[in-house]
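Engineer: Sequence and computational prediction follow.
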Amino acid sequence: MRQNRAARVGDEMQKVISQLLQTEVKDPRIPMMTSVMEVRMSSDLTHANVFLSVYGSKEEKDACMAAMERASGFIRREVAKRIKLRVAPELHFKLDESIEKSMELMDLIDRTIKEDEERARKNE
């Protein structure tokens, strides 16, 4: 099945932005445990929603998002240059907390199972 152009460009942008964060963006407010989870492009390729997963406290996440906004011009130029886009898409950074939410859900499930097992043992 063939992906549409916006999805292909988004996938390529995800790789480029990840590489930039690892090697060229040197802001100490961006933790090492920052991952580009997904990039969703508008159909006309002028806007990109960049979903980031940041490991840390709320303050660290807020600082990271501020640093990403500050670096967005540099990242935007580099992405356009490396992917050879005619128009550099406007970047919109968003915090992706799906990993944290899934970990909380798994913890809740584990606790519920443990409580059920304890209740079952008491009723034996």
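Structural biologist: Received the coordinates, thanks.
Engineer: For stretch 96-112, buried residues please.
Structural biologist: Residues Asp96 are the ones in stretch 96-112 that count as buried (16 or more other CB atoms under 10 Å). Where C-beta positions appear, they are placed from N, C-alpha and C, glycine not excepted.
Engineer: tell me the contacts of the most centrally placed residue in the chain?
Structural biologist: Nearest to the mean C-alpha position of the chain, counting by CA atoms, centre = their mean, stands Leu52 at 1.9 Å. Contacts for Leu52 (CB atoms under 8 Å, 6 or more residues apart in numbering) come out as Thr34, Ser35, Val36, Met37, Cys64, Met65, Met68, Phe93, Lys94, Leu95, Asp96.
Engineer: which one of those has the most neighbours?
Structural biologist: Counting neighbours by other CB atoms under 10 Å, Met68 comes out on top of these with 24 neighbours.
Engineer: gap between the helix or strand of the chain with the lowest mean pLDDT and the chain center?
Structural biologist: Using mean pLDDT, DSSP states H and E, helix 98-122 stands out as the lowest-scoring helix or strand of the chain, at a mean of 86. Averaging C-alpha positions (CA atoms, centre = their mean, to the nearest Å) puts helix 98-122 26 Å from its chain's average.
Engineer: now swap in stretch 41-48 and tell me
Structural biologist: 17 Å.
Engineer: Okay, buried residues for it please.
Structural biologist: By 16+ other CB under 10 Å, the buried positions in stretch 41-48 come out as Met41, Leu45, Ala48.
Engineer: for the second one, phi and psi?
Structural biologist: If I follow you right, that is Leu45. phi 60, psi 20 (degrees, to the nearest 10).
Engineer: Run through the chain and note the low-pLDDT ranges.
Structural biologist: 1-3 (pLDDT under 70).
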